[in-house]
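Peer 1: curious how this folds, go ahead:
(3 chains)
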Amino acid sequence: MGMADILSGLTEEQRAAVTYRGGPLLVLAGVGTGKTTVITRRIAHLIAEGIVERPSQLLVFTFSHQAAEEMLDRAFDWVRYAALDAWVATYHAVGERILRENAPLAGLPPDFRVLDEWDQRVFLLDHLTELPVRTLRPRALRQPLRFLTPLLSFIGRAKDDAVSPEAYRAWCDGAAASLPSDEADLHRELADCYAAYQELLERDGVMDFGDLIVRTVRLLEGRPGLLAEYHQRFPHVLADEFQDTSRAELRLIELLAGHGNATAVGDDDQAIYGFRGVPWDNLLAFLRAFPLAKVVVLTQNFRSTQGILDAATRLIRANSYRLEALSLRGEIPYSITKELTSIHGPGHPPVHRQFPSVEEEAEFVAREVRKLNAAGVPYREIALLYRNRYRPDPYLRALSEEGIPWTLAGRFRAGMFDQEVIRLMMSFLRTLADPGDSQSLYHLLGSPIYRLGGEDLALLTSRSQREHRPLRQVLAAAVAAGSLSEEGQQAAARALADLAACEDLARGNPAGRVLYAFLMERTGYLQALAQSDDPAAGQAVEHIAEFFERVVHRFEEVARYDRVPWFVRYVDELRELGWNPMVGEAEPGVDAVQVMTFHQAKGMEFVAVFLTGLVEDFFPGRITRPTFVLPRGLRGEDIPEDIAHLEEQRRLFYVGMTRAKRRLYLLSADDYRPPGEAPRKRMAKVSRFVLEALGEQGERSPEAPALLRIRRQGGEPPPPAPGSEGTGPLQLSFRQVDDWLTCPLKYRYVHVLRVPIRLHPIVILGNAVHQAIQAYHLAKVQGRTLPLAELEAVFRHAWRSEGFLSAAHEEEMLRHGAAALAAFHRFEEASGAQPTFVEKFFAFVEGEAKVIGYWDRVDRIGNQALIIDYKTSEVGEEAADHRARESLQLAIYALGYERMFGDRPHEVQLRFLTPEVVVGRATPTDRLADRALAAIRDATAGIRSGAFAAKPSFAACSSCAYRTICPSALPL
DNA sequence: ACCCATCGATACCGA
DNA sequence: ATCGATGGGT
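Peer 2: Model prediction:
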């Protein structure tokens, strides 16, 4: 890829940002000015110009995982393989990786665990009684959650401000003397809690997200040699969305970019994360850290019409804490003007409409959406942003009444625990954990699993209540006495037998194993769902799969005692904390009006945008001060909080306005109360932001004649109309290609329905061995050698105890793994070969598919490359080469290498580990490449067309994990 | 200066 | 649901 390509189609200012090479660079990218284009092409440019030798020398910080993925996707379009080789990650991911690479230096165990926000709360809830609370005690005990959340947010802020428990205590001993005694006491108590929390974390060998950055910074600050190594490893550092980095993250980037070759990209007018401690002046902080930095301002807007931009600019000019304003006032030595110019001409100016009620506001939206759609604007190009005081129900209802499809993002969407099938699984587990839980048993008995009739259920519950006995006892008695209907008798007996069997299993088995046994082995419910043609059943299977992935496995990782009752308690705690992850990601291709909060809209664009609920006290909303705050003496100097709040709200409004490409509606109503409540006595006032943006009073919508107003009934809006299929490129892994070729129905089970399957012992063994091997190779890349004992430690840590037939069986597999590792270790120590890449991601486009995968290991010697994949299975010496030559996996891996690097690897290998390492070799040829291509083409076409008919054969079925649920499986 | 209507808490969001 | 803070009205 030449320079011409990299710079083609760029504006002057973009070109300046992409090509600057004098040192640190701040790209002040106004809204819609092609920020991602600039950063991805700058990456390409740095490589093309030899500023970094290899893409792997680039470190790119992003704000979220999603942003990292998007950037990789975009970079993929432009620089082919280049960016894929770089570290593109969030601040926390970078911190974690640095700590793991240097765990001994950082004084950490190699397998330290990081608690996410939720596990952090569960952790503290578990240790609540160990906190040294005094005056706060009643509150902490009576309403733990009302205490924990503010405390953790306080600790988070302290870590962000680099205030250690010791520093806080020292402050309490000194400066607090001048405070009123109750205030000083509160600070002492908080300092003690902070210190105690920190000790608890260390005692359990875990850390929270705050520690991740704090410890990384401490490590790098304390080891100049190590820091210098990272500077050498990453000669250039880029940071995206710089306005939304926290103080601690800023310190990390200042350290890693300490050599001065850094690019920061951001826009201070879009900083909307102040509530989690992000300062408004990050971009200035960059300029302070790198005083010689060049500033490039991007002002050419590609998104909106001039009318929309002008209104947005008028609004944001009311903020005094922004770089443009500071520059105008001469407070910073930079001349910055952010006058945005559209390439689309004047267009329609934004309109403001005021209504007597939300209902009318919502009806207006629905009518207008209908008009826009009739004029050719697809629904998915229309967004409605709402505020959080009331649910977005009125808008959804009005859209539904017009027959307009919509999708709702954000917290009002139903989460995992609102799904019936998940509730049912929880009822089952609760019944096991507490046989006296009659409600859960009732739910279970009436569910599609047992279908106990209404009369039988009524009989049982009334008896249970009358006799004050748990439903379970009454049920057992009724079955014994034969007092139920005929079918009821059968169903109840079945339920009792299942419960007894599962209780038996639960005593000695992890929760996930028990649940799995219930769903598959005892009741066959999962099979029934997977075989059903009903789309709702398919969804239920997906939900079960997600439940296993995101709840059961998560518990396995944190559980101190993995048994059903503890699992139930864990889930209850998380639920109480408000945890309810989204399920069934919204289809991106669905043609429906996008309803979301202002925050969620960040980074998106739509042809038409409706901003709703624009009244004072609402937007701007009221300031809420955190319950606990660091004393002024320990906090960094900041602007007054009410001003900070107002300006951030204005930036949020600005973000909302600038999502619109062509049409922008600003809407407000006199009264936002739900219909049932008494109407307001005083009308809500139009948001000052509306007036600032339009510079005048908006037009008032005439009140509709009373007769035409229809009293609306409440109730859930109907579900959105089904949309069209997604049409993005198909992403395919080797596993997907292979599974589809083996049997399309297997593909459907694994990759479409994701039917959870009990891990086969061989798979567990393979995973654990792979992780140990990976750790060895990673150390090797850094010039260290892991002793066998450490390999075994990693192996055991990666081990999961589910799925084994017996303890003896598990022992045997563990021995097998240890033998494989020993053989591997002997082999490697003797060979001394040096891996170039370990677990390396690759991707290439073939036809309509993007093929992705990971190479276990690549060795490059001179310009020759060797790709290696490890197998834990056994093979005869003679058969090894044959296996390698016939391996579709190696064929695809070789093709991937060729596409990424332009040359063909000189050899590909399978390395079988037991009992001694046996190497199977193959040389990539045109024939091998053609085989890979044909496989990819067939799989792409088949998957695209949705052809998932079973292809039973003895070979496929005998080794298929889905044999037990597959209606087409051959009898063996 | 004082009263009373009104709102938000719970948030919005990220690792 | 209730309560404290806030801002508008008198």
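Peer 1: show me what residue of the stretch 451-600 of chain A gets nearest to DNA strand C.
Peer 2: Taking CB to the nearest atom of the strand, DNA strand C has its nearest neighbour within the stretch 451-600 of chain A at residue A:578, 14.9 Å off. C-beta here means a position set from N, CA and C on the backbone, and glycine is covered the same way.
Peer 1: what about that residue, neighbour count?
Peer 2: A count of neighbours around residue A:578, defined by other CB atoms under 10 Å, yields 12.
Peer 1: what's the pLDDT at it?
Peer 2: What the model reports for residue A:578 is a pLDDT of 73.
Peer 1: hang on, it in a strand?
Peer 2: No: assessed with DSSP: H, G, I helix; E, B strand; the rest coil, residue A:578 is coil; it does not lie in a strand.
Peer 1: okay, it and residue A:829: tell me how far apart.
Peer 2: Counting by CB to CB, to the nearest Å, the separation of residue A:578 from residue A:829 is 51 Å.
Peer 1: so which strand or helix has residue A:352?
Peer 2: Secondary structure assignment for residue A:352, by DSSP states H and E: strand A:351-355.
Peer 1: got a list of what the residue of the stretch 451-600 of chain A closest to DNA strand C touches?
Peer 2: By CB atoms under 8 Å, 6 or more residues apart in numbering, the contact list for residue A:578 is empty.
Peer 1: pLDDT on stretch A:661-670, on average?
Peer 2: Rounded mean pLDDT across stretch A:661-670 is 92.
Peer 1: ok, stretch A:864-879 next?
Peer 2: Mean predicted confidence for stretch A:864-879 is 89.
Peer 1: residues of chain A that sit close to DNA strand B?
Peer 2: A:63-66, A:90, A:92-93, A:116-117, A:146, A:149-150, A:156, A:209-210, A:246, A:273, A:275-277, A:388-389, A:410-411, A:578, A:597, A:599-600, A:617-618, A:621-622, A:624, A:627, A:672-673, A:680-682, A:684 (CB under 7 Å from any atom of the strand).
Peer 1: emit the ChimeraX select command for whichever of those residues are buried.
Peer 2: The following ChimeraX line selects those of these that are buried, judged by 16 or more other CB atoms under 10 Å:
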select /A:63,90,92,93,149,156,209,210,246,273,277,388,597,618,672,684
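Peer 1: keep only those of the residues of chain A next to DNA strand B that are in helices.
Peer 2: A:65, A:66, A:92, A:93, A:117, A:146, A:149, A:150, A:156, A:209, A:210 (DSSP state H).
Peer 1: out of the residues you listed, who's nearest DNA strand C?
Peer 2: Within these, the smallest distance to DNA strand C is 11.7 Å, found for residue A:146 (CB to the nearest atom of the strand).
Peer 1: on the three-state scheme, the closest residue to the closest one other than its chain neighbours is what?
Peer 2: Of all residues not flanking residue A:146 in the chain, residue A:139 sits nearest, at 7.0 Å (CB to CB, 6 or more residues apart in numbering). Of the three states, residue A:139 takes helix under three-state DSSP.
Peer 1: so residue A:39 lies in a strand, does it not?
Peer 2: No: using three-state DSSP, the secondary structure at residue A:39 is helix, not a strand.
Peer 1: that one against residue A:265, yeah?
Peer 2: Yes: using CB atoms under 8 Å, residue A:39 makes contact with residue A:265 at a distance of 5.4 Å.
Peer 1: which residues do these two both contact?
Peer 2: A:27, A:238, A:240.
Peer 1: max-length helix in chain A?
Peer 2: With DSSP H as the criterion, chain A gives helix A:807-831 as its longest helix.
Peer 1: what comes up buried for the very next helix or strand once past it?
Peer 2: Sequence order places strand A:837-846 as the next helix or strand after helix A:807-831, per DSSP H and E. Within strand A:837-846, the residues scored as buried using 16+ other CB under 10 Å are A:837, A:838, A:840, A:842, A:843, A:844, A:846.
Peer 1: please name the residues that touch the third one.
Peer 2: Right, residue A:840. Counting by CB under 8 Å, 6+ apart, residue A:840 touches A:854, A:855, A:858.
Peer 1: any idea how far it is from DNA strand B?
Peer 2: 21 Å (CB to the nearest atom of the strand, to the nearest Å).
Peer 1: let's see the pLDDT reported for that residue.
Peer 2: The model reports residue A:840 with a pLDDT of 83.
Peer 1: could you do the first one as well?
Peer 2: The model reports residue A:837 with a pLDDT of 86.
Peer 1: any idea how far it lies from residue A:907?
Peer 2: From residue A:837 to residue A:907 the distance is 15 Å (CB to CB).
Peer 1: now the contacts of residue A:840 in a markdown table, with neighbour count, pLDDT and secondary structure?
Peer 2: Listed next are the contacts of residue A:840 as a markdown table, based on neighbours: other CB atoms under 10 Å; pLDDT from 0 to 100; DSSP: H, G, I helix; E, B strand; the rest coil:
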| residue | neighbour count | pLDDT | secondary structure |
| --- | --- | --- | --- |
| A:854 | 16 | 87 | strand |
| A:855 | 24 | 91 | strand |
| A:858 | 19 | 93 | strand |
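Peer 1: from those residues, which is closest to DNA strand B?
Peer 2: residue A:854 (20.1 Å).
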